[in-house]
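> sharing a sequence plus its predicted fold:
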Amino acid sequence: MTPIARSPIAMRLSGLATSATFALLLIAACGPDTNSNNTPIPSLSPAVEASTPAPTPTSASTSPQARSQSVERFNFIDPDNGWVISDGALLGTRDGGLSWHDLYTLDVEIRGLSFGSPHEGWMIGGEGNLLHSSDGGMTWAVADRPGSERVLGIEFLDATRGWAWSDYEMFQTSDGGVTWIGVNQPCARNQGSTSMSPLTASVLLFACGGVPGTGQQLKSMYRSDDAGQTWERVAGDGILTKLDSGAHLPGGGYLRSISFLDSDTGWLSTSRGGLAKTTDGGRSWEGVDLKASLEWEWAPEGVSGVEFFTELIGVASPYRGPGILAVTHDGGETWTQIFPPLES
């Protein structure tokens, strides 16, 4: 598979005609409604069912700023290659957000998005079914879902190795979703939210958020060194699950996502709680001050998602507000909007 050429970070920054300071805001995390296994697969557009190519992007589709857009979901595999779902469309960038192209028009609700490579991508439909693309998101086909329950989360490490989980099941694939084997899901059933960050094919970190209420949510985090067969709790919630070490996740805010660079360094995004960073594998957390970079009149309410590629470079989207996507090159001190593109 020929990799897509990457542009230097410095070129991306200098090429941005206008930069905007980013305010990260929070989201209320909640798991999707449960669904019986008899629910029919959602209908897809003829382009998906027949796997015919999506229309060639027009000048309008290559200039998303021409229409009102807000980020609903996003996924990056590196600082250059990323995708966003916005206003019923999937868009992609290969230059770190300098330019965006319409890839596919969606006619089903999407509750999960994960690419393992510039070509191989997965989405979770509103009924918990899986959709798969092998051409970077231009065409999609319904894929067999593992297990008996609707899929709640999916995360791929690369083109072939990934994990999908439901309310109480988890499965792992090493052949790009052709076959799935059962592993163990560490969270209790009916959690409010979950998030995974795979480090290698064996080492996984998984966060569990309980039922949210009044700006607080009990959270815990687990680590697996055998691809999900067994799990060790590395941080409790500090109330119901207390560790001898005292390690616990922040109680404020509702879990949205975790993103780890290695076994020590990672970020936690929460709605109504903000962004927090750990340098000891999740045993302790320090809040990232986002207010210093705010230029909006309304108060920040949290971060709907975060992905870091190095200790300095990452992308994130605020909860509520204008629904933008922004990049940082200084570890979260300052942020620059990359979607919707800023008008020159």
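Noted; the coordinates are in hand. Numbering: from 1, shown residues only.

> can you tell me the closest non-neighbouring residue to L205?
S197 (4.7 Å; Cβ to Cβ, 6 or more residues apart in numbering). Glycine gets a C-beta too; all of them are placed from N, C-alpha and C.

> could you check how far the one you found is from G281?
Going from S197 to G281 by Cβ to Cβ, to the nearest Å gives 11 Å.

> which one of these two has more residues nearby?
Each of S197 and G281 has its neighbours counted (other Cβ atoms under 10 Å); S197 has more, 23 against 18.

> in what helix or strand does the more buried one lie?
Element membership for S197, per DSSP states H and E: strand 193-198.

> pLDDT of that strand, averaged?
For strand 193-198, mean pLDDT rounds to 95.

> that one pairs with which strands, and in what direction?
The pairing partners recorded for strand 193-198 under DSSP bridges are strand 204-209 (antiparallel).

> contacts for the strand it pairs with?
Strand 204-209 is contacted by residues 29, 163, 186-188, 191-199, 217-224, 227-228, 231, 234, 249, 254-255, 258, 260, 266, 268, 282 when judged by Cβ atoms under 8 Å, 6 or more residues apart in numbering.

> are any of those residues buried, and which?
Taking 16 or more other Cβ atoms under 10 Å as the criterion, what is buried in the contacts of strand 204-209 is 29, 163, 186-187, 191-199, 217-224, 227-228, 231, 234, 249, 254-255, 258, 260, 266, 268, 282.

> can I get the CA coordinates of stretch 174-191 in PDB?
Extracted as PDB, the C-alpha positions of stretch 174-191 are listed here (Å, rounded to 0.1, in the frame of the first residue of the first chain):
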ATOM      1  CA  SER A 174      -6.000  -9.100  12.800                       C
ATOM      2  CA  ASP A 175      -7.100  -9.500   9.200                       C
ATOM      3  CA  GLY A 176      -9.000  -6.200   8.600                       C
ATOM      4  CA  GLY A 177     -12.400  -7.400   9.800                       C
ATOM      5  CA  VAL A 178     -12.600 -10.600   7.800                       C
ATOM      6  CA  THR A 179     -12.700 -12.600  11.100                       C
ATOM      7  CA  TRP A 180     -13.200 -11.500  14.700                       C
ATOM      8  CA  ILE A 181     -12.300 -13.300  17.900                       C
ATOM      9  CA  GLY A 182     -13.900 -12.600  21.300                       C
ATOM     10  CA  VAL A 183     -11.800 -10.900  24.000                       C
ATOM     11  CA  ASN A 184     -13.000  -9.300  27.200                       C
ATOM     12  CA  GLN A 185     -14.700  -5.900  27.700                       C
ATOM     13  CA  PRO A 186     -13.500  -4.400  31.000                       C
ATOM     14  CA  CYS A 187     -16.400  -2.100  31.700                       C
ATOM     15  CA  ALA A 188     -19.500  -2.900  33.600                       C
ATOM     16  CA  ARG A 189     -22.700  -3.200  31.500                       C
ATOM     17  CA  ASN A 190     -24.700  -0.100  30.700                       C
ATOM     18  CA  GLN A 191     -21.800   2.300  31.100                       C
END
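
> any idea how far it is from the chain center?
Chain-centre distance of stretch 174-191: 17 Å, with Cα atoms, centre = their mean, to the nearest Å.

> most centrally placed residue in this protein?
Centroid-nearest residue in the chain, with Cα atoms, centre = their mean: N75, separated by 5.3 Å.

> residues touching that one, list them.
N75 sits next to G82, W83, L113, S114, F115, G121, E307 when contact means Cβ under 8 Å, 6+ apart.

> can you say which two of the residues you listed are spatially most distant?
G121 and E307 (14.8 Å; Cβ to Cβ).

> higher neighbour count, the two?
Taking other Cβ under 10 Å, G121 and E307 do not tie; G121 has more neighbours (27 against 22).

> tell me what the more buried one is bridged to.
Assessed by DSSP bridges, G121 has beta-bridge partners F115, S133.

> if we can go back for a sec, run a quick check on the residue nearest to L205 versus S263, I expect a contact.
No - between S197 and S263 there is no contact under Cβ atoms under 8 Å: 10.7 Å.

> which residues are in contact with both of S197 and G281?
Common neighbours of S197 and G281 (Cβ under 8 Å, 6+ apart) are G266.

> hmm, R145 is touching N129, no?
Yes - at 5.6 Å, R145 counts as touching N129 under the criterion of Cβ under 8 Å.

> anything in contact with each of the two?
V151.

> quick one, which of those two is more surrounded?
Taking neighbours as other Cβ under 10 Å, R145 and N129 compare with R145 leading, 24 against 21.
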